[in-house]
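Visitor: My questions are about this predicted structure, shown below with the sequence.
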Amino acid sequence: MSDLFYKNENGWKTNKTSKDEIFAFCDGYKDFLNCAKTEREFAALAEKTAKENGFVSLWETKSLKPGDRVYAVNRGKGIMLAVIGTQPLHRGINLIGAHIDSPRLDLKPMPLYEDSEMAFFKTHYYGGIKKYQWVAIPLALHGVIVRKTGEKVSINIGEDENDPVFCISDLLVHLAQEQMTKNAKEVVEGEALNLIVGGRPLEGEEKDAVKANVLKLLADKYGVEEEDFLSAELEIVPAGKARDMGFDRSMILAYGHDDRVCAYPSMMAVLDYEGTPEYTLCCIVTDKEEIGSVGATGMASHYLENTVAELYACTADYCELAVRRCLRNSRMLSSDVSAGYDPNFASAFEKKNSAFLGRGICFNKFTGSRGKSGSNDANPEFMASLRKIMDDAGVAFQTAELGRVDLGGGGTIAYLCAKYGMNVIDSGIPVLSMHAPYEVISKVDLYEGYRGYCAFLQGAKPVE
Ligand code: MN
Ligand code: MN
């Protein structure tokens with residue numbers, strides 16, 4: 001092969017790290033994933049882990065000096081972690097951003113009803129899902145119910161092996177002749193995603209006795225009544241743990257890789273950093289990406305800008321212009337999953353510009369749909385600096401775009417941060433079956449992602 005050809009090899013072959021080290025990092029990820037299936041659970045566990053690693057709350061800090069480690073939680077659904085550098089903040093920060101919400105089914109505000117002596121919860125799906133994938137699988141219920149007094153009740157049912165699980169029924173194949181001819185979008189309709197939660201009537205109750213029994217159980221265990229659902233946020237996710245996949249255990253099958261498989265190594269790259277960096281390094285994990293990054297906990301809010309302003313005020317006399325310069329001069333990896341090339345659906349991809357499982361962290365210069373609509377298109381000057389950082393650190397990386405042109409597309413949080421004028425590029429771990437109840441990633445890609453994020457945080461500098 002000509003020396004001029006670009007060679008892109010399998011990460012398992014080029015990796016200098018032992019298989020045991022890669023697997024050990026992935027075990028940490030699986031443990032985290034099993035305890036953090038929702039954005040609230042991720043943010044809470046990240047805060048706990050940050051504290052254990054010497055990070056203190058930014059809201060309890062008045063001044064910061066190089067080497068200081070701080071975190072800031074955003075309404076329990078996002079968190080920013082930072083290690084202060086020796087360079088003044090207006091020279092910009094080395095920032096990694098990921099999202100910690102995943103597609104799922106949310107409960108409607110008034111969810112509980114009885115039909116045909118069974119009790120159900122009505123749901124409203126969150127994010128882009130194939131609805132037919134969410135029936136006839138074990139489901140768990142996670143979230144909070146907030147009483148009128150402000151007291152919060154945490155719910156997590158279906159993960160412990162002694163817990164019950166829940167399920168949405170599907171039509172038996174014997175009677176599915178009509179259903180099987182339907183368009184996939186209509187095979188299971190949104191209003192049919194009703195979760196079965198009970199089947200035993202309450203003794204002595206005449207009307208809606210099964211619903212009454214469910215309410216009695218909830219009252220006994222959690223001290224809540226039906227009206228308390230009005231101030232609840234309950235999410236239905238696939239029940240069960242992340243599992244090794246394949247004879248060689250080279251992959252992980254789990255719910256919610258998108259985007260925890262990027263959020264976890266991004267966070268760990270900051271937590272594991274020791275010493276004092278040149279430029280302030282920072283990881284932000286955010287909510288609501290799957291529905292357009294909207295709301296106070298989504299990336300479209302002013303949370304990043306406000307928190308950077310708070311950081312600035314702790315390091316120097318506050319100056320709005322300096323905060324703007326900080327954001328403008330920053331370097332960011334928008335750390336989100338890529339569509340892994342799937343030979344079973346080869347026609348959806350263009351092979352030369354696809355992300356392959358096992359070839360390491362993937363950079364997406366641009367995303368978007370049709371003529372790159374909705375894209376963040378990163379500058380080649382920035383990409384060149386990243387090639388050098390990755391090559392110097394021996395990180396396996398690849399580049400891709402999201403599938404075949406004209407077929408679909410998607411976006412991330414990149415364009416929202418690019419608003420400030422900072423250099424941003426999408427980078428992340430390739431995933432198979434993205435947004436399905438169970439998604440697949442390769443362990444070597446996760447590990448190379450972690451190494452790539454570490455190299456970026458330590459090595460990135462301002463790029464014009
Ligand atoms: Mn994502
Ligand atoms: Mn997604």
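Guide: Nice, thanks for sending it over. Ligands and ions are numbered 1, 2, ... in the order given.
Visitor: so where's the longest strand in the chain?
Guide: If you go by DSSP state E, the chain has its longest strand at strand 104-115.
Visitor: Unless I misread the structure, residue 163 falls within a helix.
Guide: No. Assignment of residue 163 by DSSP: H, G, I helix; E, B strand; the rest coil gives coil, placing it outside any helix.
Visitor: Please verify my assumption that it contacts residue 157.
Guide: Yes. Counting by CB atoms under 8 Å, residue 163 sits close enough to residue 157 to count as a contact (5.4 Å). Where C-beta positions appear, they are placed from N, C-alpha and C, glycine not excepted.
Visitor: coming back round to it: what does the longest strand of the chain rub up against?
Guide: 38, 119-127, 134, 139, 143, 193, 195, 197, 208-211, 214-215, 226, 229-230, 232-237 (CB atoms under 8 Å, 6 or more residues apart in numbering).
Visitor: Just the buried residues from these, in PyMOL please.
Guide: This is the PyMOL syntax for the buried subset of those, where burial follows 16 or more other CB atoms under 10 Å:
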select buried, resi 38+119+120+121+122+123+126+127+134+139+143+193+195+197+208+209+210+211+214+215+229+232+233+234+235+236+237
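Visitor: taking the contacts of strand 104-115 one by one, which sit in strands?
Guide: Judged by DSSP E, the subset of those located in strands is 119-126, 139, 143, 195, 197, 232-237.
Visitor: quick one, phi/psi of residue 327?
Guide: Torsion angles at residue 327 (phi, psi; degrees, to the nearest 10) stand at phi -70, psi -40.
Visitor: which stretches of the stretch 51-200 of the chain aren't confidently modelled?
Guide: Within the stretch 51-200 of the chain, not a single segment meets pLDDT under 70.
Visitor: now do the stretch 351-464 of the chain
Guide: Counting by pLDDT under 70, the stretch 351-464 of the chain contains no low-confidence range.
Visitor: Which parts of it are helices?
Guide: According to DSSP state H, counting those that start in this stretch, the stretch 351-464 of the chain carries its helices in the segments 380-392, 414-418, 443-459.
Visitor: go on, the stretch 1-150 of the chain?
Guide: Assignment of helices within the stretch 1-150 of the chain using DSSP H, counting those that start in this stretch yields the ranges 11-14, 19-35, 39-52.
Visitor: Which strands and helices lie in contact with the second one?
Guide: Okay, so that is helix 19-35. Helix 19-35 makes packing contacts with helix 39-52, strand 251-254, helix 257-271, helix 443-459 when contacts are defined by 3 or more CB pairs under 8 Å, 6 or more residues apart in numbering; DSSP states H and E.
Visitor: Specify the angle between it and helix 443-459 in degrees.
Guide: An angle of 90 degrees separates the directions of helix 19-35 and helix 443-459 when computed by axes from the mean of the first three to the mean of the last three CA atoms, to 10 degrees.
Visitor: Start and end of stretch 109-125, how far apart?
Guide: Separation of the first and last residues of stretch 109-125 by CA to CA, to the nearest Å is 13 Å.
Visitor: and residue 34, what does it touch?
Guide: Contacts for residue 34 were tallied using CB under 8 Å, 6+ apart; they are 159, 241-242.
Visitor: Quick check: ChimeraX command selecting the buried ones in those.
Guide: Isolation of the buried members of the contacts of residue 34 (16+ other CB under 10 Å) is achieved in ChimeraX through the command below:
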select :159,242
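Visitor: Let's see which of the contacts of residue 34 end up in helices.
Guide: Among the contacts of residue 34, no residue falls in helices (DSSP state H).
Visitor: would TSV of the contacts of residue 34 with distance to residue 313 be doable?
Guide: Supplementary listing: the contacts of residue 34 in TSV, determined by distance: CB to CB, whole Å:
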residue	distance to residue 313
159	41
241	43
242	40
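Visitor: And the contacts of residue 34, which is closest to ligand 1?
Guide: Ligand 1 lies nearest to residue 242 out of these, by CB to the ion, at 17.2 Å.
Visitor: Verify the stated contact: the closest one with residue 251.
Guide: No. Taking CB under 8 Å as the contact criterion, residue 242 and residue 251 are not neighbours in contact, 10.7 Å apart.
Visitor: And the residue of the stretch 1-150 of the chain that's closest to ligand 1?
Guide: Across the stretch 1-150 of the chain, no residue is closer to ligand 1 than residue 99, which sits at 5.7 Å (CB to the ion).
Visitor: still on that earlier bit, need the overlap of contacts for residue 163 and residue 157.
Guide: Shared between the contact lists of residue 163 and residue 157 (criterion: CB under 8 Å, 6+ apart) are residues residue 140.
Visitor: For the two, work out which one has more neighbours and name it.
Guide: The residue with the greater number of neighbours, taking residue 163 and residue 157 and applying other CB atoms under 10 Å, is residue 157; the counts read 18 against 12.
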